[in-house]
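> Predicted structure and sequence below. I'll ask about it afterward.
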Amino acid sequence: MEFNRLHHYVQIVTTLLVDVFVIGFTALIIAIIVMYIADITQTSHAIRRNYPVVGRFRYLFENMGEFFRQYFFAQDREELPFNRAERAWVYRSAKNVDSTVAFGSTRSLNPPGTVIFSNTAFPKLTGDSVDSQEMEIGPHCREPYRPLSIFNISAMSYGAISKPAILALSKGAKMAGCWINTGEGGLSPFHLQGGADIVMQIGTAKYGVRDQEGKLSDDKLREISAIAQVKMFELKLSQGAKPGKGGMLPGEKVSEEIAAIRGIPEGQDSISPNRHPEIDSVEDLLDTIEHIRDITGKPTGFKIVLGDDHFVDELCIAINARGVASAPDFITLDSADGGTGAAPQSLIDYMGLPLRESLPILANSLIKHNLKRRIRVIASGKLVDPASVAWALCLGADFAVSARGFMFALGCIQALQCNKNSCPTGITTNNPSLQKGLVVSDKAERVKNYCHNMNYEVGVIAHACGVEEPRRLSRHHARVVTDTGQSISLKELHELPINAD
């Protein structure tokens, strides 16, 4: 009896499987026929027209090749924009696990441009204490800012990155004692929720501080400056990956909430002007900075990618003619190899100077015009590891900021989906089903760990070079490999002005 029943069940299951197979096979044949007809009748793709159905695999392989190269074929030091070794250090430091490596470095010391730090014969004996000193920004403001952390979170707008990503960054920044930059998308409740210090960025579209005509609103400036967490205002002139092009947020990312924060229509592409219409000269720039600082009472500076190397000299001459109190309180110098969620490839690949060239230009100009101690320099652009940050300090930076480094701390896998609302880690998407993978409490802890370990490791480099505090690093503490294969000091490569200290 039991055997007959079992046999009956097996027959039913077998019949169902055969039916499913037949239906599935029939559906597959129909789909192939439909694709075949579609391919031979369309006129846009020659490969599909000449090789119907089979030609479609080209696009699949092209898309998948990106991921196969990353995980199976690329060596540890090969990938761009960040290689596996760089990402691995961030992941380990964010998780607060052992970041030591064995059997020697996989980093070649031969290629021109390679940076090598000059260790001293007698390193500093200061134990595990590698803390940096507090540095004042905006001495002429009603409310100067005195941050402690050298390493901070660069500009990332709500909308370009997700709500849980902003929350994790804000909470992590509070725990780490660093600041977070709002990006040009305006100040959201999620930036505030974590309790961290905030740098309010004012982009070319004035999101968050614009009136109904899109112009800068003094009332909104006062409203935001009244928030204690907002410590500084940054006027964005240009961004590393796309100098000369405004911010771009696809309409599918512009939700009702984001539209309300930015003051724009929901569901429409958010494309900022390529510059501030009212700023047409160095004098206009200084006027605008002075106006924002007068209204808010807080340190005000600007962000730029250098291309015209005469700009800084013109700026410094104008400042000294007006008086040092008129100077921007800081300059955030972005690099041509900076990142973004969306930009034309022509700008990403070819526009602007990289930080290795522009940072010495900026620092030398400020030194030459006796403004280096007045204007703080904030370096930005691929500074995701301790050596890069220490190198920037050697060349004259006072602080360093990173966006993509903190994205790695949040779990970014460099899937290159930032502009498609399909980020698999939930960082740069407004898709709730993808956002759920980003657990705020866990990622906030990783943000804190990454910042702490970065500041610590930069301090370790400083001690090995013989100085007690990272900002005491100077150009003779680092060398760079030249075309001859020999290295020279940064001091020789980038000669300081005669009146330098």
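Okay, I see it. Numbering: from 1, shown residues only.
> all strands of the protein, in order?
Under the criterion DSSP state E, strands of the chain are mapped to 115-117, 151-153, 179-181, 197-202, 230-236, 248-249, 270-271, 300-305, 330-334, 376-380, 399-402, 478-481, 487-489.
> Any idea which of those strands gets closest to A46?
Proximity to A46 (Cβ to Cβ) singles out strand 248-249 among the strands of the chain, at 30.7 Å. Where C-beta positions appear, they are placed from N, C-alpha and C, glycine not excepted.
> in its sheet, what does that closest one sit against?
strand 270-271 (antiparallel) (DSSP bridges).
> And the strand it pairs with, how far out from the chain middle?
Relative to its chain's centre, strand 270-271 lies at 19 Å (Cα atoms, centre = their mean, to the nearest Å).
> Where does pLDDT dip in this protein?
Counting by pLDDT under 70, the chain has low-confidence residues at 1-9, 58-84, 102-104, 126-130, 240-247, 339-343, 346, 348-350, 419, 498-501.
> center of it - which residue?
Centroid-nearest residue in the chain, with Cα atoms, centre = their mean: A403, separated by 2.4 Å.
> Save the strands of the chain as TSV, and put in mean neighbour count and distance to P52 too.
Below are the strands of the chain laid out as TSV (neighbours: other Cβ atoms under 10 Å; distance: least, Cβ to Cβ, whole Å):
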stretch	mean neighbour count	distance to P52
strand 115-117	15	53
strand 151-153	27	50
strand 179-181	25	51
strand 197-202	25	51
strand 230-236	24	49
strand 248-249	20	36
strand 270-271	20	38
strand 300-305	26	47
strand 330-334	26	47
strand 376-380	25	49
strand 399-402	27	48
strand 478-481	20	53
strand 487-489	16	58
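> so which of the ones you listed comes closest to P144?
Taking Cβ to Cβ, strand 230-236 is the member of these nearest to P144, at 9.4 Å.
> right, and K95 touches N449 too?
Yes - with contact defined as Cβ atoms under 8 Å, K95 counts as touching N449 (6.8 Å).
> related to what we said a few turns ago, output the strands of the chain as CSV; include the columns distance to T106.
CSV is the format used below for the strands of the chain (distance: least, Cβ to Cβ, whole Å):
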stretch, distance to T106
strand 115-117, 16
strand 151-153, 24
strand 179-181, 33
strand 197-202, 36
strand 230-236, 37
strand 248-249, 37
strand 270-271, 42
strand 300-305, 31
strand 330-334, 29
strand 376-380, 26
strand 399-402, 22
strand 478-481, 17
strand 487-489, 19
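> coming back round to it: quick check: phi and psi on the residue nearest to the centre of the chain?
Per-residue torsions, A403: phi -100, psi -50 (degrees, to the nearest 10).
> burial count for the nearest residue to it once chain neighbours are set aside?
Closest residue to A403 apart from its sequence neighbours, by Cβ to Cβ, 6 or more residues apart in numbering: S154 at 4.0 Å. Neighbours of S154 under the rule other Cβ atoms under 10 Å: 28.
> Which residue ranges of the stretch 1-150 of the chain form helices?
Secondary structure of the stretch 1-150 of the chain, counting by DSSP state H, counting those that start in this stretch: helices at 2-41, 46-50, 56-68, 84-95.
> Point out the most buried one among these.
Comparing the helices of the stretch 1-150 of the chain on average neighbours per residue, with mean count of other Cβ atoms under 10 Å, the densest one is helix 84-95 at a mean of 20.
> Check which helices and strands it sits against.
Under the contact criterion of 3 or more Cβ pairs under 8 Å, 6 or more residues apart in numbering; DSSP states H and E, helix 84-95 touches helix 404-410, helix 440-464.
> repeat that for 10 Å
Contact here means 3 or more Cβ pairs under 10 Å, 6 or more residues apart in numbering; DSSP states H and E; on that basis helix 84-95 packs against helix 386-394, helix 404-410, helix 440-464.
> and those helices as TSV, adding mean neighbour count?
Formatted as TSV, those follow (neighbours: other Cβ atoms under 10 Å):
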stretch	mean neighbour count
helix 386-394	25
helix 404-410	28
helix 440-464	22
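> do you know how far the closest residue to K443 other than its chain neighbours is from G426?
Once flanking residues are discounted, K443 sits nearest to A168: 3.8 Å by Cβ to Cβ, 6+ apart. Between A168 and G426 the distance is 10 Å, computed by Cβ to Cβ, to the nearest Å.
> who has more neighbours, the two?
The residue with more neighbours, out of A168 and G426, is A168; 30 against 25, by other Cβ under 10 Å.
> what about L285, how many neighbours?
Counted with other Cβ under 10 Å, L285 comes out at 21.
> Who are the contact partners of it?
235, 237, 276, 278-279, 302, 304, 311, 315, 318, 328 (Cβ atoms under 10 Å, 6 or more residues apart in numbering).
> Among these, name the buried ones.
Among the contacts of L285, those buried by neighbour count (16 or more other Cβ atoms under 10 Å) are 235, 237, 276, 279, 302, 304, 311, 315, 318, 328.
> Confirm for me that the second one is in contact with S272.
No - the pair L237 and S272 does not pass the contact test of Cβ atoms under 10 Å, sitting 11.8 Å apart.
> Please enumerate the shared neighbours of these two.
Here L237 and S272 have 203-204 as joint contacts, going by Cβ under 10 Å, 6+ apart.
> I'd like the helices of the stretch 1-150 of the chain as a markdown table, with distance to G267 appended.
Shown next, in a markdown table, are the helices of the stretch 1-150 of the chain (distance: least, Cβ to Cβ, whole Å):
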| stretch | distance to G267 |
| --- | --- |
| helix 2-41 | 30 |
| helix 46-50 | 32 |
| helix 56-68 | 27 |
| helix 84-95 | 34 |
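> can you tell which of these is closest to C418?
Ranking the helices of the stretch 1-150 of the chain by proximity to C418 (Cβ to Cβ) places helix 56-68 first, at 13.5 Å.
> now what about stretch 256-263, what contacts it?
Contact with stretch 256-263 is made by 157-160, 163, 182, 184-191, 203, 205-212, 214, 217, 220, 249, 251, 254-255, 264-268, 270, 272, 430, as judged by Cβ under 10 Å, 6+ apart.
> one step back: quick check: neighbours shared by K95 and N449?
A409.
> Mind jotting down where the helices sit in the stretch 201-350 of the chain?
For the stretch 201-350 of the chain, the helices defined by DSSP H, counting those that start in this stretch cover 218-225, 256-262, 282-296, 311-322, 345-350.
> okay if I get these as TSV plus distance to V458?
TSV is the format used below for the helices of the stretch 201-350 of the chain (distance: least, Cβ to Cβ, whole Å):
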stretch	distance to V458
helix 218-225	31
helix 256-262	34
helix 282-296	29
helix 311-322	26
helix 345-350	28
